[in-house]
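Asks: Next comes the sequence, and after it the predicted model I'd like to discuss.
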Amino acid sequence: MSTSKYFLLLSYLFHDAPRWANKAYSLFPNHNDFTTNLNESLHKIGIKQEHHEKIKEACANFSEELVMQDLNKHGIKPLFYTTPDYPSLLKEISDPPLTLYYKGNISLLSSPTLAIVGSRHPSEYGTKVTTSLGTELSHYFVIVSGLALGTDALAHKAALNAGNTT
């Protein structure tokens, strides 16, 4: 299995816990080492026994072709940790995602970026400040986030409404 397919599998299995994907990849750098004895692998990365069956079932049902079809249908492309376009600053965090998903102009990742983050349920004041900051700062930075609801989304909308990029 290629590294990209392995990263897609780990993303599929551990989409809400990148630390598990990172630990799996660091302990088992190739797919066969990870899946040959999946119970033992899951135990070694620290996943409780009670979750093994669900993960084994998801692993058995994984299809790179179906994942790529779904991504292509929505115009989304994967970007893998080992590729040159992967953001270097993101590699510096403790558990960077092995796979990023993007839509649009990948070269924006090499531009100066700024994350505006906050509450998923911002107050009226928080909404006004985020909209104002998102509008003004998007003239100088590409607005980035983990695409959370609330403040993150408001910052992106403000940048787009100002005719800028996110």
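Replies: Arrived safely, thanks for sending.

Asks: Low-confidence regions, this protein specifically.
Replies: 1 (pLDDT under 70).

Asks: What ranges does it have for its helices?
Replies: Using DSSP state H, the helices of the chain run over 3-13, 18-27, 31-35, 38-44, 52-61, 64-73, 124-137, 151-161.

Asks: bridging residues for the spatially most central residue of the chain?
Replies: Nearest residue to the geometric centre of the chain (C-alpha atoms, centre = their mean): Leu100, 4.2 Å. Judged by DSSP bridges, the bridge partners of Leu100 are Leu79.

Asks: what sits against it?
Replies: Pro78, Leu79, Phe80, Tyr86, Pro87, Leu90 (C-beta atoms under 8 Å, 6 or more residues apart in numbering). The C-beta positions use only the backbone N, C-alpha and C, and glycine is treated the same way.

Asks: mind putting the residues you listed in a markdown table, neighbour count and distance to Pro18 included?
Replies: Shown next, in a markdown table, are these (neighbours: other C-beta atoms under 10 Å; distance: C-beta to C-beta, whole Å):
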| residue | neighbour count | distance to Pro18 |
| --- | --- | --- |
| Pro78 | 17 | 14 |
| Leu79 | 17 | 14 |
| Phe80 | 19 | 13 |
| Tyr86 | 17 | 13 |
| Pro87 | 14 | 14 |
| Leu90 | 13 | 11 |
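
Asks: In contact with the spatially closest residue to Asp33 that is not a sequence neighbour, which residues?
Replies: In space, and not counting its chain neighbours, Asp33 is closest to Ser41: 7.6 Å by C-beta to C-beta, 6 or more residues apart in numbering. Residues counted as contacts of Ser41 (C-beta under 8 Å, 6+ apart) are Ala24, Leu27, Phe28, Asp33, Phe34, Thr35.
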